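K.L.:
Provided below for reference: sequence and predicted model.
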Amino acid sequence: MAVLTSDLTQASRREAIAFIFKKAFISALVALVLFSLMIGIRTEAGPTGQLIYWTRFDDLAIIVAVVFVGSIVVELLRQWWGPVGIATAVPPSVQRTLDFAGKAFPPLLLIFAFLVPVIFYDQRYLLDLSILVLTYVMLGWGLNVVVGLAGLLDLGYVAFYAVGAYSYALLSTNFGLSFWMCLPLAGILAACWGVMLGFPVLRLRGDYLAIVTLAFGEIIRLVIINWQSLTGGPNGVSGIPRPSFFGIPFTRGDDGFAARLGIEYSPTHRIVFLFYVILALALLTNWVTIRLRRLPIGRAWEALREDEVACRALGINITTTKLTAFATGAMFGGIAGAFFATRQGFISPESFTFQESALVLAIVVLGGMGSQLGVALAAIALIGGFELFRGFDQYRMLVFGMAMVLLMIWRPRGLISHRAPTVFLKQNTAISAELAREGRG
Amino acid sequence: MDYFAQQLINGIVLGSIYGLIAIGYTMVYGIVGMINFAHGDIFMIGGFIALITFLILVSIGLTTVPLILLIVLLVSMAITSLYGWTVERIAYRPLRHSFRLAPMLSAIGMSFVLMNFSQVSQGARVKPIPPVITGGYSLLESNGFVVRLSNAQIVVVLTTVVLLAIFTWLVSRTRLGRDMRACEQDQTMAALLGVDVDRTISMTFLIGAALAAVAGMMYLLYYGLVDFYMGFIAGIKAFTAAVLGGIGSLPGAMLGGLLIGLIETMWSAYFSVEYKDVAAFSILIVVLIFLPTGLLGRPEVEKV
């Protein structure tokens, strides 16, 4: 009997191995055909303008081999780990520790954020990077209102970012308005654009809404490129005034910030100031969002995300609910844009491409739509990851795209998921994939 | 009038290319119910493969133009359709029963992958080729303005018509077409009646990608260049065409493609070239708002 079982297991094991090899072989074959021309042959315009080509069969061979081995590894991992998605039981003590860590983490992160300029005062690069990260944290939190709370998939968020940036740039260079005057103005203007986009798309849902917002974002960018007399076209706007400390500029002169305080001038002062400005703006976004979630309008957004038809049946005004979501999200995007313009001192349409929208959306999705902490962590992870790939500019977007696909397959609900409605009847039930139909709104 | 006739010809040629891409969008939307965001990039890949095949054929000394065109067409269709199949297999199939945003986001990721893959593997610069099909006819001549119909334009339109005929036959007369229509109506019921749903969906992506490859090759022949970024804008315009014709409707996709091609050409001819993309995107928005079911589409009934 025992012999028979071992024979059987051996037979089934042999079968499994044969299956793995067959699969790997097919994958490698597919890869060979796919990449035969695209990687095996390289074309480039020769010295006379005529296209020439040369072969790269060694690269092709390497890639096909990688696919073969990778396929085996993936299949083995799948067999060892069993089907994906089985929840593992966590002992209560570990769970309690995790809960405590989860509670303690956000305040600690906040304290760390406040101390960043103190710790890294000498490292200009790290300060610049943290300003960039915070800009994306703010954008992510802004888009989170639209996508995470109201469930409206917006692929053109960068349009509002652009509106804010160009508002500040044009108002300050043409009319000499100060940064602090322009900041609310940029927010208001972007919110107006948000309503302008919101009105026509009220009736659209899901995928259609996504495509229309994408088209809207592209229209804004194309208009900026082509309306040369106003925006400078592809050359952009340069010489945008730097921010001042409430009227005191960060210059070397006698009326500069350093001279007034009686300390030695350093260009880092302005960077530190910028850091605290964007930190404050981001926290403002976060605070407003958290407060709004507790207001009737925030409840209405969440209800809209869960089920639009039920919402309408309960007498919630869909029009105002959607428009306020668009306007609020757009406003924060506009404010972030104004900050971006003053930090860079120069803006051009190149900064407002669809890739930027996709990046912010990826931050929101990666963070688990609706989770404030998740968005912040995702922004740190993604922008940090982008920085790691700084030397490989070409491969950056390639890896980003692959990560997006893999993430959707592996954890479609984001790494830190929080989509439960704030209020619920009797008990808080986890929402299953079928019930939570995002994108329907 | 002559100027108008010339623009009409140009618009129809451009519209044929958009129509071929739009069919891929509309088929996938009809069956899987998702916007295949990476389809525009599949079109771009098709253009690249056509270009590379063409270069190889010319360098080994083949000079018969029709033979070259036929081989390029077949190779490009074969390899590109494998791209379509792989994309579905990797990025969409695992997500078929996931929540609704997931395939859309995965498709955006896939679009970035394809775009940057060809940028990395073939370089960022525009790739021009010398005109393959030369010559043409002068149709009308008045006031010194000649309306020309080039051979390349004839080839583009003829190929489109022939492929459409084959494709219509495929969908309406074959077993595969019947399976596709069954899956479009009700996947569960189709599966119960013995239709292999997975295989049918794979075939849909394969055919869509093959048609996109033809569009890519036509683009290469007609404009004489390809670059890695061309899929994005062309993809959105073809999607607009699919929506305009009524998404899910195959004749609608072709009609929408022709209309978008004509509108874009006329807009460039009579208003401004700079804003032609803005015009196309505006049409998308206007159509979705006032005519969400498109010209030939069925109204979508909302069930709770």
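P.N.:
Happy to help now that I have it.

K.L.:
show me where chain B has helices.
P.N.:
For chain B, the helices defined by DSSP state H cover B:2-32, B:39-59, B:65-87, B:101-122, B:151-173, B:175-185, B:187-192, B:197-223, B:230-245, B:250-270, B:276-290.

K.L.:
Which other helices and strands does the helix or strand residue A:221 falls within contact?
P.N.:
In the assignment (DSSP states H and E), residue A:221 maps to helix A:206-226. Secondary-structure packing of helix A:206-226 (3 or more Cβ pairs under 8 Å, 6 or more residues apart in numbering or on different chains; DSSP states H and E): helix A:158-175, helix A:179-198, helix A:354-366, helix B:230-245, helix B:276-290. (C-beta placed from N, C-alpha, C; glycine too.)

K.L.:
Keeping just the C-alphas, turn that helix into CSV.
P.N.:
Taking Å, rounded to 0.1, in the frame of the first residue of the first chain, the C-alpha atoms of helix A:206-226 are listed here in CSV:
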residue,chain,number,x,y,z
GLY,A,206,-17.3,54.4,-14.6
ASP,A,207,-15.1,53.9,-17.6
TYR,A,208,-16.8,56.7,-19.7
LEU,A,209,-16.2,59.2,-16.9
ALA,A,210,-12.5,58.1,-16.7
ILE,A,211,-12.1,58.7,-20.5
VAL,A,212,-13.8,62.0,-20.5
THR,A,213,-11.7,63.3,-17.6
LEU,A,214,-8.6,62.1,-19.5
ALA,A,215,-9.8,64.0,-22.6
PHE,A,216,-10.4,67.1,-20.4
GLY,A,217,-6.9,66.9,-19.0
GLU,A,218,-5.4,66.6,-22.5
ILE,A,219,-7.5,69.5,-23.8
ILE,A,220,-6.2,71.7,-21.0
ARG,A,221,-2.6,70.7,-21.8
LEU,A,222,-3.1,71.2,-25.6
VAL,A,223,-4.6,74.6,-25.0
ILE,A,224,-1.7,75.6,-22.8
ILE,A,225,0.7,74.5,-25.5
ASN,A,226,-1.1,76.3,-28.3
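
K.L.:
Can you name the element that comes right after it?
P.N.:
helix A:228-231.

K.L.:
So what are the sheet partners of the helix or strand just after that following helix and their directions?
P.N.:
Using DSSP H and E, the helix or strand that follows helix A:228-231 towards the C-terminus is strand A:237-238. Within its sheet, strand A:237-238 is paired with strand A:346-347 (antiparallel), according to DSSP bridges.

K.L.:
can you count the residues close to residue 128?
P.N.:
No chain specified, so I'll use chain A. 14 (other Cβ atoms under 10 Å in any protein chain shown).

K.L.:
wrong chain, I was asking about chain B
P.N.:
Using other Cβ under 10 Å, residue B:128 has 16 neighbouring residues.

K.L.:
surely it meets residue A:48?
P.N.:
No. If you go by Cβ atoms under 8 Å, residue B:128 and residue A:48 don't touch, sitting 11.7 Å apart.

K.L.:
Nearest to residue A:357, out of the helices of chain B?
P.N.:
Nearest of the helices of chain B to residue A:357, taken as Cβ to Cβ: helix B:101-122 at 9.5 Å.

K.L.:
for chain A, what spans make up the strands?
P.N.:
A:41-45, A:51-55, A:237-238, A:346-347 (DSSP state E).

K.L.:
For residue B:14, list the residues it contacts.
P.N.:
B:261, B:264-265 (Cβ atoms under 8 Å, 6 or more residues apart in numbering or on different chains).

K.L.:
Now tabulate the residues you listed in a markdown table and tack on distance to residue B:250, pLDDT and neighbour count.
P.N.:
What follows is the contacts of residue B:14, written out as a markdown table (distance: Cβ to Cβ, whole Å; pLDDT from 0 to 100; neighbours: other Cβ atoms under 10 Å in any protein chain shown):
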| residue | distance to residue B:250 | pLDDT | neighbour count |
| --- | --- | --- | --- |
| B:261 | 17 | 93 | 23 |
| B:264 | 22 | 91 | 22 |
| B:265 | 23 | 92 | 21 |
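
K.L.:
contacting residues around the helix or strand bottoming out on mean pLDDT in chain B?
P.N.:
Of all helical and strand segments in chain B, the minimum by mean pLDDT, DSSP states H and E falls on strand B:136-142, at a mean of 77. By Cβ under 8 Å, 6+ apart, the residues outside strand B:136-142 that reach it are B:1-2, B:5, B:146-154.

K.L.:
Most neighbours of all the residues you listed, which one?
P.N.:
residue B:153 (22 neighbours).

K.L.:
Which residue is the nearest non-sequential neighbour of it?
P.N.:
Leaving aside its chain neighbours, residue B:153 sits nearest to residue B:13 (4.8 Å; criterion: Cβ to Cβ, 6 or more residues apart in numbering or on different chains).

K.L.:
just checking, the one you found touches residue B:151?
P.N.:
No. Using Cβ under 8 Å, residue B:13 makes no contact with residue B:151, being 11.7 Å away.

K.L.:
Can you report how many residues lie near residue 130?
P.N.:
All of this refers to chain A. Neighbour tally, residue A:130, other Cβ under 10 Å: 23.

K.L.:
Let me rephrase: I mean chain B.
P.N.:
10.

K.L.:
swap in residue A:92?
P.N.:
Residue A:92: 8 neighbours (other Cβ under 10 Å).

K.L.:
hey, which helix is longest across chain A?
P.N.:
In chain A, with assignment by DSSP H, the single longest helix is helix A:2-38.

K.L.:
Packing partners of that helix?
P.N.:
helix A:57-81, helix B:39-59, helix B:65-87, helix B:101-122.

K.L.:
Looking at the helices of chain B, which is nearest to residue A:29?
P.N.:
helix B:65-87 (10.2 Å).

K.L.:
Just the mean pLDDT for the closest one, thanks.
P.N.:
When pLDDT is averaged over helix B:65-87, the result is 93.

K.L.:
just stretch B:185-193 next, same as before
P.N.:
Rounded mean pLDDT across stretch B:185-193 is 89.

K.L.:
Ok, stretch A:121-138 next?
P.N.:
The average pLDDT for stretch A:121-138 rounds to 89.

K.L.:
Next one: the residue nearest to residue A:230 when sequence neighbours are not counted relative to residue A:341, how far apart?
P.N.:
Distance criterion Cβ to Cβ, 6+ apart; nearest residue to residue A:230, sequence neighbours excluded, is residue A:170 at 7.2 Å. For residue A:170, the distance to residue A:341 equals 9 Å [Cβ to Cβ, to the nearest Å].
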